[in-house]
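*Asks:* take a look and give me a structure for this.
(chains A and B)
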Amino acid sequence: MADSIYLDHAAATPLDDDVIAAMQPYFATKFYNPSAVYLVAKAVAADIAAARQKVAGVLGVRPAEITFTAGGTEANNLAIHGVMSQFPGAHMVVSAVEHDSVLESAKEYDHSVVKVNPDGRINLEAFEAAITDKTVLVSVMYVNNEIGTVMPLAKIAKIIAQIRTARQAADNILPLYFHTDAAQAPLYFDLHVTRLGVDLFTLNGGKIYGPKQSGLLYANASVELAARIIGGGQEFGRRSGTENVPAIIGLSHALSTAAEQYRSAATQLGSLQKLFFDEVAQHIPQAVCNGSQKYRTPNNVHLTLPGTDNERLMMELDERGIICAVGSACSASSDQPSHVLKAIGLSDEHAQASLRFTMGKNTTKADIRRTVEVLAELA
Amino acid sequence: MQTVYVGLSGGVDSSVTAALLKEQGYDVVGVYMKNWSQDLPGMPCPWKEDYQDAKRVAVQLGIPFKMFDFQKEYRQKVVDYMIAEYQAGRTPNPDIMCNQEVKFKVFLEACLEDGADLIATGHYARVKNGSLLRATDDNKDQTYFLYRVTEEALKHTLFPLGEYAKPEVRKLAEKFGLVTATKKESMGICFVGKVGIKDFLTHELGKQETGNIVDAKGQRIGRHDGAIYYTIGQRHGLDVGGGLPYYVTGKDMSKNEVYVTTDLNDKKLWAAQLQLTDVHWINGAPEGGAKVQVRTRHRAPLVHATLKFDKGNVVLTLDDEIRATTPGQSTVLYDEQKVIGGGILV
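*Replies:* As a prediction, this is how the structure comes out:
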C-alpha cells in the first residue's frame, strides 16, 4: 500500500536501502560458512568481525561482549536463562511492563514483578524493596514497546550499585546484574554503555530499519553467560549455529545509522509527536493519552478513546489507509487485556478502547493531521 | 425498512449474504456467534481469525457488528449431544443440531429480542411461502442440514444465497471488495478444529478400550482402538493386513466389537428400507403412503421412496437399494424442491 500511512513502527520497520545493499552480497556471492578455513570463507568471517567491531564501537563495548542472536526475544532469553541457570535458587526482579519474552523467561525462576506508576515508569521504592539477598538479576526495559515510556535506568543502576556495596560489606558474594531490553531505544536514545549503567542489554534489528530475526545481546565480560543453544561453538560458544551473515551485516549497518542519527531523529519525531498530541487535544478532547508525557520515546502516541472498540477502530483506519496497532483486543477472545495497560491501572474497558500509533522516519506532518482527522470522525 | 441480523461467520458466504441484503436496502447488523470451542494442544480452533474477519466485513460494509455468546448452549445442545451419540455407537450430525438448537433457535431469539425483524445466514437454501426449498445450485444445496428448522423460524429467515451458485458468490465477494473473497472454505466441524473427530473424542472421553474386529465369517481378524471411532458403512483403513479394503457393517458397543467385510455386496452394507426416529416435519406430516425423495447424506443423490408410519417412527421403502446407511445420521425427505422433513436413522 504505497499511499497508506504506516504508524506501527514499534512492530516492524522497513529496511533502509543501504542496509539491503550491505546485506545483498552475503546471500549468493559471499555465502560461505564463516567457520570454514578456505580463504573466501575467512573473508566472510572477517566481515563478521568487522561488523562486530563496528557495533562494539557504537555501543562502547568490547567486541567479545557481543553475542549476535536471531532477534530480541532470543537475546532476552539468553540474558535471563544464561544468568539465572547458573545460580540455582536465586531470585530475579522484572518490571510489570516488560516484553513477554522477559516475563515468560522470568517465570521459570523465583522472581518478583515490580509495579509501575500510573505514568508507566517503574516504582523505584517497590523496586528497591523487591531485591532480596538472593537476587542476581534485574531486568527493566529501556523504552516500553506499548506505551513508549522511558524507564529511569540511571536511577535503577544507582540503587543496584548501593546494594552491591552493601553486599560486599555483608560478605554476600552473589552478583547482582542489571539487564535492559533496549529493543525500542536505538533510534532515539543514547546507547553508549557507560551512560546506561547496565551489565547486559538486548537490541533488535527489526525495530531499527534492519532485518527481522537479527539482534544481539551485550553482556559485560564480567557476566558469565551459560549458552542456550549449543553446538559448533559459534559466538564465543554462547550461541551456536552458523552465523546469519546477512542479518549480522544488516544489523550493524542499521545500528550505526541509528547511533549517528538518534539526536536529530529524536528532534524530528518529537515535533511530530507534539503535533499529534496537539491535534488530538483539539479535535478529540475525550481522548486520553497513556504513559508519561515527559519520559517518553518521541515516536509513540498511545490513546484511549472511551466508548470505542479499538479493534473495529483499527480496522476502520486500516480501510482508510491508516495502519496502527491494537495493544489489547479482547472483546471476544479469552485473551487477557494487555499486561502493560493493566499495570498502569487501565480498566479492561479502557484497555479495549486503546490504540498505539508509532511513527517513523518517513512519517510526515500531513500524515499526522490526516490520521487525527479520520480518528476524530470515527471516535 | 426492515432490520436483518446476519450471522457473520467470517466466511465468504455469510459476508456476501450481508452485502446483498445491504444492497437490497435492508438495515443490516452483523453478528458473530461465539460457539463453544476447545483449544486442543497445538491445534486451536481458528475462531479468533474468523471473528476478526467477520468484524472486518462489517467494517467494509459499514454495518454495526455484535457478538453473541452461545458457548453454553452450544456445548450442551451440540457438543454433548454429539459425544453421547458416539458413545451410543452412532454417528451424529452436529451441524444439523447446531442449526436446530443454536442458529435457528437461540440466535434467532436473541436477534428478535435485540431488535431484528428478520435473520439471515449464508446457507444455500430458499424459503418460499413458508416452505424450505432446495438451493438453485444443486452442488451447494444445504437443506440437508436445515430440515429440523421450524416453520416459525423460517418465517423470520432469509437465505439470500439460495439463488446463487458458489462461483457467483465468490465473484460477488470480490465485487463488494470483501476481505473474505479468497478465503478457503471451512471444512468439518468447527469446534473440532483441525484435530479430527478421533482426537477430539479421545480428548473428551479418554483413551478407549481396545476390542476385536470380526469379519463376516465370525473370525477375529484384528484389534481396534475404540469402537466409537468406527462409522458403519464407512470404508476403513483397518490395520488388519490382507490388502482388500474393509467396510464396517456393524458394531456391538456392549461386546466392544466392530464387524467388517471386504465384500462390497455384503447385504449388511445395503439397505432397501430405512427406519427413522425423532422425526421433524416442516408444515405438517405427510400422509402415509406418500411418494417422496430421500437423501441420507449431504449432497447424496436423491432416491425415490414410499413413506409409511410405524408407531411414530417412519419407514421408508426405497425404489433402489442404497449403500452405507449409518445409524445416527439424518435422512431428509423431499417433495421435489420442497423439504418435507426428516429423521434420524435407527
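*Asks:* so what pLDDT did residue 62 get?
*Replies:* Using chain A. With respect to pLDDT, residue A:62 scores 97.
*Asks:* not quite, go with chain B.
*Replies:* On pLDDT, residue B:62 comes in at 97.
*Asks:* any idea how far residue B:30 is from it?
*Replies:* Look at residue B:62 and residue B:30: by C-beta to C-beta, to the nearest Å, they are 10 Å apart. For every residue, glycine as well, the C-beta is placed using N, CA and C.
*Asks:* likewise for residue A:197?
*Replies:* Distance, residue A:197 to residue B:30, by C-beta to C-beta: 53 Å.
*Asks:* please verify my assumption that residue B:9 contacts residue B:122.
*Replies:* Yes - Residue B:9 is in contact with residue B:122 according to C-beta atoms under 8 Å; the separation is 7.1 Å.
*Asks:* pick out whichever of those two has more residues nearby.
*Replies:* Shown here are residue B:9 and residue B:122; by other C-beta atoms under 10 Å in any protein chain shown, residue B:9 has more neighbours (25 against 22).
*Asks:* hey, where'd the helices end up in the chain?
*Replies:* Assuming you mean chain A. Secondary structure of chain A (DSSP state H): helices at A:17-23, A:25-28, A:39-59, A:72-84, A:100-106, A:124-130, A:153-169, A:193-196, A:245-283, A:310-319, A:339-343, A:348-351, A:365-378.
*Asks:* please go with chain B instead
*Replies:* Assigned by DSSP H, chain B shows helices spanning B:12-23, B:47-61, B:71-74, B:80-87, B:94-98, B:108-114, B:151-155, B:166-175, B:197-205.
*Asks:* would you turn those helices into CSV with mean neighbour count?
*Replies:* CSV is the format used below for the helices of chain B (neighbours: other C-beta atoms under 10 Å in any protein chain shown):
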stretch, mean neighbour count
helix B:12-23, 24
helix B:47-61, 22
helix B:71-74, 17
helix B:80-87, 18
helix B:94-98, 22
helix B:108-114, 16
helix B:151-155, 16
helix B:166-175, 16
helix B:197-205, 16
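*Asks:* which stretch among those helices comes nearest residue A:367?
*Replies:* Taking C-beta to C-beta, helix B:47-61 is the member of the helices of chain B nearest to residue A:367, at 21.1 Å.
*Asks:* for the closest one, enumerate the helices and strands it packs against.
*Replies:* Secondary-structure packing of helix B:47-61 (3 or more C-beta pairs under 8 Å, 6 or more residues apart in numbering or on different chains; DSSP states H and E): helix A:310-319, helix B:12-23, strand B:27-34, strand B:65-69.
*Asks:* in stretch A:130-140, what counts as buried?
*Replies:* Going by neighbour count (16 or more other C-beta atoms under 10 Å in any protein chain shown), the buried part of stretch A:130-140 is A:130, A:131, A:135, A:136, A:137, A:138, A:139, A:140.
*Asks:* in strands only, show me those.
*Replies:* Taking DSSP state E, the ones among the buried residues of stretch A:130-140 that sit in strands are A:135, A:136, A:137, A:138, A:139.
*Asks:* and which of these is nearest to residue A:109?
*Replies:* Set against residue A:109, the nearest of these by C-beta to C-beta is residue A:137 (8.4 Å).
*Asks:* spit out the contact partners of that closest one.
*Replies:* A:79, A:80, A:83, A:84, A:90, A:92, A:93, A:176, A:177, A:178, A:179 (C-beta atoms under 8 Å, 6 or more residues apart in numbering or on different chains).
*Asks:* just the buried ones from those, in PyMOL syntax?
*Replies:* Here is the PyMOL selection string for the buried members of the contacts of residue A:137, based on 16+ other C-beta under 10 Å:
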select buried, chain A and resi 79+80+83+84+90+92+93+176+177+178+179
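*Asks:* in a markdown table: the contacts of residue A:137, plus distance to chain B and pLDDT.
*Replies:* Shown next, in a markdown table, are these (distance: C-beta to the nearest C-beta, whole Å; pLDDT from 0 to 100):
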| residue | distance to chain B | pLDDT |
| --- | --- | --- |
| A:79 | 28 | 98 |
| A:80 | 25 | 98 |
| A:83 | 30 | 98 |
| A:84 | 27 | 98 |
| A:90 | 32 | 97 |
| A:92 | 29 | 98 |
| A:93 | 32 | 98 |
| A:176 | 39 | 97 |
| A:177 | 35 | 98 |
| A:178 | 37 | 98 |
| A:179 | 31 | 98 |
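*Asks:* neighbour count: residue A:197 and residue B:30, which is higher?
*Replies:* In this view residue A:197 and residue B:30 are compared by other C-beta under 10 Å, and residue B:30 has more residues nearby, 25 against 16.
*Asks:* where does chain A have low pLDDT?
*Replies:* Scanning chain A for pLDDT under 70 picks out the ranges A:1-2, A:328-336.
*Asks:* 50 instead, please
*Replies:* Within chain A, the stretches with pLDDT under 50 are A:1, A:330-332, A:334.
*Asks:* domain-wise, how is it divided?
*Replies:* Here the domain parsing of chain A from automatic domain parsing is A:5-12+A:262-378, A:17-258.
*Asks:* also chain B?
*Replies:* If you go by automatic domain parsing, the domain ranges for chain B are B:3-192, B:207-261, B:270-345.
*Asks:* out of these, which one sits most buried?
*Replies:* Of these, the one with the most neighbours on average (mean count of other C-beta atoms under 10 Å in any protein chain shown) is domain B:3-192, at a mean of 19.
*Asks:* OK, now which residue of the stretch 201-350 of chain A is nearest to chain B?
*Replies:* Closest residue of the stretch 201-350 of chain A to chain B, C-beta to the nearest C-beta: residue A:315 (4.4 Å).
*Asks:* so what's residue 338 up against?
*Replies:* In the absence of a named chain, this looks at chain A. Residue A:338 makes contacts with A:146, A:327, A:328, A:351, A:354, as judged by C-beta under 8 Å, 6+ apart.
*Asks:* wait, I meant chain B there
*Replies:* Residues in contact with residue B:338 (C-beta under 8 Å, 6+ apart) are B:131, B:132, B:133, B:134.
*Asks:* please repeat the previous calculation with a cut-off of 7 Å.
*Replies:* B:131, B:133 (C-beta atoms under 7 Å, 6 or more residues apart in numbering or on different chains).
*Asks:* so what's it bridging to?
*Replies:* residue B:133, residue B:335 (DSSP bridges).
*Asks:* go on, residue A:149?
*Replies:* Here residue A:149 sits in beta bridges with residue A:296, as judged by DSSP bridges.
*Asks:* neighbours of it, how many?
*Replies:* Residue A:149: 30 neighbours (other C-beta under 10 Å).
*Asks:* so how far is residue B:229 from it?
*Replies:* Using C-beta to C-beta, residue A:149 is found at 55 Å from residue B:229.
*Asks:* again, but for residue B:315
*Replies:* The gap separating residue B:315 from residue B:229 is 30 Å, by C-beta to C-beta.
*Asks:* residue B:221 too?
*Replies:* For residue B:221, the distance to residue B:229 equals 17 Å [C-beta to C-beta].
*Asks:* swap in residue B:73?
*Replies:* On the measure of C-beta to C-beta, residue B:73 and residue B:229 end up 27 Å apart.
*Asks:* same check, this time on residue B:128
*Replies:* Distance, residue B:128 to residue B:229, by C-beta to C-beta: 41 Å.
*Asks:* try residue A:302
*Replies:* Residue A:302 sits 52 Å away from residue B:229 when distances are taken as C-beta to C-beta.
*Asks:* now swap in residue B:31 and tell me
*Replies:* 35 Å.
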